[in-house]
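Asker: give me coordinates for this.
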Amino acid sequence: MNRSARIGLLLATVVGLAVALGAVGAVGLHQVLAAMASIGWIGMASFTLWSVGVLALLGMAWLAVAPGQATERLGWFVWARTTREAATDILPFSQLGGLVVGARTLAAFGVPQPVIYASMIADMTTEMAAQLIFTLCGVGMLLLVLSDAPVQQGIVPLALGGLGAMVALMLLFVFAQKPMLRLAGSLGARMLPGSVAAMAAVRVELDAIYRAPRRVIAAFLFNLAAWLASAAGAWIALRFMGSTMPLWAVLTIEALIFTLRSVAFAIPGAVGVQEAAYVLIGPLFGLPPAHALALSLLKRARDVIIAVPALLAWQVGEARRVVS
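Answerer: Alright, predicted model coming up:
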């Protein structure tokens with residue numbers, strides 16, 4: 001990563017932290033901490049374990065589009081997806097850093113690199129397609145809710161803008177896959193020996209994946225189930241916090257939050273974006289600002305609980321590979 005990129009990430013992180021702290025200060029630190037404490041140890045453990053199940057669904061989706069990989073290797077893909085999410089959630093990287101960590105994790109198990117990168121591209125495509133469906137439902141519910149609350153309709157452009165940005169990103173990602181691989185191969189030919197052959201191998205594997213539509217559909221369904229399950233996890237956390245919000249309302253909130261996080265992919269962990277979004281969107285569905293912020297911070301605590309042991313274990317594995 002060059003110096004400009006590092007400075008940009010640092011500035012984005014600092015601004016995001018300032019926004020998050022400002023939101024907590026505006027709502028009231030005492031109220032937020034009290035709401036967080038209300039979940040209890042059992043509630044936090046249940047929330048965390050549920051999130052581990054979501055990671056299993058994401059691993060299934062990745063495996064579904066990995067040519068030649070037997071179902072017995074599901075644990076490898078679940079673990080790779082866990083380290084990938086861990087690096088994205090708590091390290092000062094954009095999502096690109098998490099993708100690198102996930103790829104290295106699979107490579108350590110001996111999965112061929114063309115399979116890793118081709119399946120990762122297909123997995124991300126189906127994941128974005130599943131999120132698009134989920135987001136469309138969330139925006140539709142938001143419009144219904146705001147139809148009786150014109151004073152709060154200023155949030156509609158934000159939601160529609162996030163949806164539009166996500167659609168644009170998805171279309172760019174889908175239609176630019178093969179041209180970008182060709183470009184990377186031609187550029188790499190001038191700098192790295194063997195890069196053309198490597199890119200060609202990835203294209204061959206990607207073509208094989210898309211010739212098996214059942215596997216692509218399976219990946220899409222697993223990813224859609226993961227989006228829904230992740231949102232349901234927020235509902236579980238709120239139930240332990242004493243909230244009686246209906247499941248449909250929490251699913252709608254989470255769909256919109258996920259969309260804004262995806263659009264803010266360049267900000268490490270979407271720091272600040274997530275907190276501000278909860279404060280804006282939560283009250284529209286009856287979620288008090290203190291509980292909304294508490295849920296956001298509990299999510300970050302859950303991410304740390306899962307990610308720190310995962311990254312430490314990954315680092316141990318990396319060190320063993322270097323020594324051997």
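Asker: any low-confidence regions in the chain?
Answerer: For the chain, the stretches flagged by pLDDT under 70 are 1-17, 19-20, 24, 26, 28, 92-95, 146-197, 264-266, 268-269, 324.
Asker: helices of that one, start to end?
Answerer: 3-27, 29-37, 40-64, 74-90, 95-108, 113-146, 155-175, 177-191, 195-210, 213-240, 247-263, 273-281, 289-323 (DSSP state H).
Asker: these into a markdown table, with extra columns for mean neighbour count?
Answerer: (Each C-beta comes from the backbone N, C-alpha and C, glycine too.) Below are the helices of the chain laid out as a markdown table (neighbours: other CB atoms under 10 Å):
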| stretch | mean neighbour count |
| --- | --- |
| helix 3-27 | 15 |
| helix 29-37 | 16 |
| helix 40-64 | 19 |
| helix 74-90 | 22 |
| helix 95-108 | 19 |
| helix 113-146 | 20 |
| helix 155-175 | 15 |
| helix 177-191 | 13 |
| helix 195-210 | 18 |
| helix 213-240 | 19 |
| helix 247-263 | 22 |
| helix 273-281 | 23 |
| helix 289-323 | 17 |
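Asker: need the phi and psi values for residue 66.
Answerer: Backbone torsions for residue 66, taken as degrees, to the nearest 10, come to phi -100, psi 100.
Asker: how far away is it from residue 117?
Answerer: 11 Å (CB to CB, to the nearest Å).
Asker: same check, this time on residue 252
Answerer: From residue 252 to residue 117 the distance is 35 Å (CB to CB).
Asker: do the same with residue 254
Answerer: If you go by CB to CB, the gap between residue 254 and residue 117 works out to 30 Å.
Asker: and if you look at residue 125?
Answerer: Residue 125 is 13 Å from residue 117, by CB to CB.
Asker: could you do residue 236 as well?
Answerer: 35 Å.
Asker: how far is stretch 25-34 from where the chain is centred?
Answerer: Its chain's C-alpha centre and that of stretch 25-34 lie 27 Å apart, by CA atoms, centre = their mean, to the nearest Å.
Asker: no no, stretch 296-306
Answerer: With CA atoms, centre = their mean, you get 13 Å for stretch 296-306.
Asker: contacts for it, please.
Answerer: Contact with stretch 296-306 is made by 32, 36, 39, 44, 47-48, 51-52, 55, 82, 85-86, 89-90, 234, 237, 269, 274-275, 278, as judged by CB atoms under 8 Å, 6 or more residues apart in numbering.
Asker: ditto for stretch 208-215
Answerer: 64-65, 67, 118-119, 122, 216.
Asker: distance from the chain centre to that stretch, please.
Answerer: Between the centre of stretch 208-215 and the centre of its host chain there is 24 Å, according to CA atoms, centre = their mean.
Asker: can you give me the end-to-end span of that stretch?
Answerer: 11 Å (CA to CA, to the nearest Å).
Asker: check contacts around the residue nearest to residue 84 when sequence neighbours are not counted.
Answerer: Distance criterion CB to CB, 6 or more residues apart in numbering; nearest residue to residue 84, sequence neighbours excluded, is residue 102 at 2.9 Å. By CB under 8 Å, 6+ apart, the contact list for residue 102 reads 80-81, 83-84, 87, 120.
Asker: nearest to residue 293 among those residues?
Answerer: Nearest to residue 293 among the contacts of residue 102 is residue 87, at 25.1 Å by CB to CB.
Asker: now the closest one: how far from residue 306?
Answerer: 12 Å.
Asker: what's the end-to-end length of stretch 68-82?
Answerer: 21 Å.
Asker: residues contacting that stretch, please?
Answerer: 55-56, 58-60, 62-63, 66, 102-103, 105-106, 109, 111, 115, 119, 306, 310.
Asker: work out the gap between stretch 121-139 and the centre of the chain.
Answerer: 11 Å.
Asker: got the CA coordinates for it in PDB?
Answerer: C-alpha atoms of stretch 121-139 as PDB (Å, rounded to 0.1, in the frame of the first residue of the first chain):
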ATOM      1  CA  ILE A 121     -14.900 -13.500  -7.700                       C
ATOM      2  CA  ALA A 122     -17.900 -15.700  -8.200                       C
ATOM      3  CA  ASP A 123     -18.700 -15.800  -4.500                       C
ATOM      4  CA  MET A 124     -18.500 -12.000  -4.300                       C
ATOM      5  CA  THR A 125     -20.800 -11.700  -7.300                       C
ATOM      6  CA  THR A 126     -23.500 -13.900  -5.800                       C
ATOM      7  CA  GLU A 127     -23.100 -12.200  -2.400                       C
ATOM      8  CA  MET A 128     -23.700  -8.800  -4.000                       C
ATOM      9  CA  ALA A 129     -26.700 -10.100  -5.900                       C
ATOM     10  CA  ALA A 130     -28.200 -11.500  -2.700                       C
ATOM     11  CA  GLN A 131     -27.500  -8.300  -0.900                       C
ATOM     12  CA  LEU A 132     -29.300  -6.400  -3.800                       C
ATOM     13  CA  ILE A 133     -32.400  -8.400  -3.300                       C
ATOM     14  CA  PHE A 134     -32.300  -7.900   0.500                       C
ATOM     15  CA  THR A 135     -31.700  -4.200   0.000                       C
ATOM     16  CA  LEU A 136     -34.600  -3.800  -2.400                       C
ATOM     17  CA  CYS A 137     -36.900  -5.300   0.200                       C
ATOM     18  CA  GLY A 138     -35.500  -3.000   2.900                       C
ATOM     19  CA  VAL A 139     -35.900   0.200   0.800                       C
END
